[in-house]
Structures are given as C-alpha cells and as structure tokens.
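coordinates only, no sequence provided:
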C-alpha cells in the first residue's frame with residue numbers, strides 16, 4: 001500500500017499538504033481563498049526539482065487513491081528544492097515571507113506528513129514514517145529530522161514513540177516548533 005508518488009497523485013497530495021500545513025498553506029498562496037493553496041501545491045506536486053515534488057513523496061494508497069503521504073528530502077538540498085517554489089509564489093502570488101531554514105545538511109527531512117481524516121487512527125502515519133526510515137537508509141542517510149508545532153502534543157507523542165528525540169526549537173513562518181531527530185541504526 002506504500003509506494004512512490006506519481007504526477008497523477010498530485011490532486012490528492014495537494015489536499016494532504018494543505019491538511020498538514022494548516023494556515024501556513026494559505027500564507028504561501030497569499031490568499032484567503034481555500035482553492036488557491038490546493039492549486040499551488042497540486043502544481044508543484046506534479047513537477048520535479050522542488051520540495052513538494054512527487055519524487056520526494058511516498059504515499060499510502062487504497063483503491064488507487066493516495067489517502068496518506070509523507071514528503072522528505074535531503075536537508076542539504078533545502079535551498080535548491082525551495083527556490084522554484086518560492087520564486088513562483090513571490091512572482092505569481094505576491095508571497096513576501098522568508099521562511100527560516102527548517103532543516104540542514106546531515107538530515108533527511110520530513111517536510112509534511114498527513115493522512116485523510118477518514119483514514120486516521122489506523123496506523124497509516126506510523127507505517128509511512130517507518131517506510132521512510134528504510135527509504136532514507138537506502139539513500140545513505142543516518143538521521144531523519146522533522147519539526148512539530150508547539151502544542152501538537154499528539155504528533156509529538158507519535159514521533160517520540162517511534163524513537164525521535166528533541167534537538168531544540170526552530171521558528172518557521174511565525175510559529176515555534178520542536179526539532180526532532182531519529183538516528184537510523186547502523
């Protein structure tokens with residue numbers, strides 16, 4: 001049920017990204033129109049060479065539909081992967097923010113993780129994370145990192161249960177987050 005995403009998954013991925021990001025998705029789209037963030041992330045999920053590309057996404061699929069996804073990439077490539085997205089949002093949508101660096105070299109970074117609300121509680125997020133550990137290890141990474149919003153205790157509990165350890169705090173677009181890392185066993 002877990003597979004590499006394809007461009008055809010972009011509409012479902014877009015909905016999941018917006019679910020995961022909450023109000024931050026609307027900040028990037030620079031709008032209150034709920035359709036615009038969906039269009040934005042669908043556009044980038046179909047493309048290669050950006051942080052939201054299908055090439056960086058594993059999906060949980062049921063009956064051919066992606067109902068869960070995890071986006072992750074090499075933290076050393078953050079600037080390179082972020083540039084096309086920020087260039088577009090600034091030139092086409094009027095986004096003026098400057099996101100802080102959410103990851104760094106030496107970390108395979110989980111950017112987004114989401115499961116459709118009607119599929120939550122079935123262990124899909126846990127399965128996506130553990131599949132990502134294997135994927136990261138196969139690519140030669142030994143550390144997986146992520147940010148979890150302060151106050152999102154349910155998510156933080158899941159990550160610490162899976163072996164993530166807190167590394168400190170990071171700010172991202174006005175929000176305070178715990179920076180967690182998982183060391184892949186050698």
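Okay, I see it. The model shown is predicted, which means the values in this text are computed figures rather than measured ones. Numbers count the residues shown, from 1 in each chain.

got the contact list for residue 146?
109, 110, 113, 159, 164, 179, 180 (Cβ atoms under 8 Å, 6 or more residues apart in numbering). Bear in mind the C-beta positions are built from the backbone N, C-alpha and C, glycine included.

show me which pair in these is furthest apart.
113 and 179 (15.2 Å; Cβ to Cβ).

the more surrounded of these two?
residue 113 (23 against 20; other Cβ atoms under 10 Å).

pretty sure the more buried one contacts residue 129?
Yes: Residue 113 is within contact range of residue 129, at 7.1 Å (criterion: Cβ atoms under 8 Å).

for residue 2, grab the count of nearby residues.
By other Cβ under 10 Å, neighbour count at residue 2 equals 18.

excluding sequence neighbours, find me the nearest residue to it.
residue 131 (4.7 Å; Cβ to Cβ, 6 or more residues apart in numbering).

rewinding a little: between residue 113 and residue 129, which contacts overlap?
residue 70.

returning to what we had before: nearest to residue 61, of the contacts of residue 146?
Using Cβ to Cβ, these come closest to residue 61 at residue 113, 15.4 Å.
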